[in-house]
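> Okay, sequence plus prediction incoming.
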Amino acid sequence: MKLKINHRLTELATFIEDGSHIIDVGCDHALLDIYLVQNKKNIRAIASDAKEGPLKQAQENVKKYQLQKQITLKLGNGVEPIEEDIDTVVISGMGGALMVGILKYQTHLLKSVKTIVLSPNSDVEFVRREIVKLGYMIDNEKLVLDHGFIYPIIRFVKGKKHYSKQEYLFGPILLREKDDLFIRYLTKQKEATIQLLSILPKKYLKKRYQLKQKLKMITEIL
Ligand SMILES: C[S@@+](CC[C@H](N)C(=O)[O-])C[C@H]1O[C@@H](n2cnc3c(N)ncnc32)[C@H](O)[C@@H]1O
């Protein structure tokens with residue numbers, strides 16, 4: 001029996017290569033892991049979560065699809081449950097600052113990690129900057145529309161690359177490809193920035209300056 005998952009997770013799965021050994025941090029019901037094992041070749045997954053409730057649900061799902069050999073369930077904070085053979089970290093469906101915290105303060109656990117796939121709900125510029133500082137570069141990016149929300153997915157691989165402010169803010173690959181969803185995303189960002197500027201008191205000089213700079217960059221791209 002094949003598992004069906006939502007569009008966001010299906011797109012996320014396209015960022016994982018055949019043969020990957022992944023840790024899915026914050027796996028919740030382990031739907032991504034089950035889908036990956038069923039649809040890609042030679043996937044081994046550690047599905048981990050900091051909470052017992054989601055992990056129990058994950059355990060039931062893994063058993064239902066009889067994938068106990070390919071998927072190991074582990075309770076733990078961030079990448080703590082990682083094992084030596086893991087080459088890929090996947091984190092999706094949480095705020096970007098939390099993702100950065102998980103990776104930045106546990107870097108000693110990332111020695112074998114060649115690929116990091118992130119789909120943050122917020123703070124995307126911060127995520128790009130901080131993961132690049134850890135010695136990774138952006139290898140692929142995409143925006144996904146699911147139930148009216150636009151989600152970014154970013155794949156980082158080991159390596160060094162310099163990025164401009166604009167690339168950190170909007171994504172080097174997204175900027176290059178400029179597809180329709182990206183234009184829609186930027187238009188939304190523009191509206192939100194204008195709205196924020198209209199309510200932010202004049203005394204917040206630095207924040208107002210940053211927002212105006214962002215608005216200028218968006219207008220240039222559009
Ligand atoms: C909204 S769910 C996202 C589930 C799934 N990854 C997705 O994209 O649909 C977030 C999950 O992350 C877990 N979580 C939050 N902080 C965590 C941490 N520091 N370490 C591991 N799991 C965490 C939560 O318990 C929750 O199950």
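Cool, got the structure. What you see is a predicted model, and the numbers here were worked out from it, not measured in a lab.

> Go through this structure and flag its longest helix.
If you go by DSSP state H, the chain has its longest helix at helix 180-199.

> Packing partners of it?
strand 136-146, strand 149-158, helix 205-221 (3 or more C-beta pairs under 8 Å, 6 or more residues apart in numbering; DSSP states H and E). (C-beta placed from N, C-alpha, C; glycine too.)

> okay but Leu118 is in contact with Ile131, surely?
Yes: Leu118 is within contact range of Ile131, at 7.2 Å (criterion: C-beta atoms under 8 Å).

> Can you check which residues contact both of these two?
Ile154, Phe156 (C-beta atoms under 8 Å, 6 or more residues apart in numbering).

> the more surrounded of these two?
Legend: neighbour count by other C-beta atoms under 10 Å for Leu118 and Ile131, higher for Leu118 (25 against 21).

> how close does Gly19 get to Leu36?
Using C-beta to C-beta, to the nearest Å, one gets 11 Å for the distance from Gly19 to Leu36.

> and the longest helix of the chain, which residues are buried?
Phe182, Tyr185, Leu186, Gln189, Lys190, Thr193 (16 or more other C-beta atoms under 10 Å).

> what does stretch 61-71 give?
Asn61, Val62, Tyr65, Leu67, Gln70, Ile71.

> now, which of these sits nearest the ligand?
Checking the buried residues of stretch 61-71 against the ligand with C-beta to the nearest ligand atom, the nearest one is Asn61 at 12.4 Å.

> centre of the chain versus the helix or strand hosting the closest one, how much separation?
Per DSSP states H and E, Asn61 falls inside helix 52-64. Offset of helix 52-64 from its chain centre (C-alpha atoms, centre = their mean, to the nearest Å): 22 Å.

> cool, stretch 169-183 as well?
16 Å.

> Likewise for stretch 26-45?
Per C-alpha atoms, centre = their mean, the centroid offset for stretch 26-45 relative to its chain is 16 Å.

> And for stretch 195-206?
On C-alpha atoms, centre = their mean, the centre of stretch 195-206 falls 30 Å from the chain's centre.

> That one spans what distance, first to last residue?
17 Å (C-alpha to C-alpha, to the nearest Å).

> which residues are in contact with that stretch?
Under C-beta under 8 Å, 6+ apart, the answer for stretch 195-206 is Lys207, Arg208, Leu211, Lys212, Leu215.

> Now list the buried members of those.
Neighbour-count burial (16+ other C-beta under 10 Å) applied to these gives Leu211, Leu215.

> Kindly tell me how buried Leu205 is, as a neighbour count.
9.
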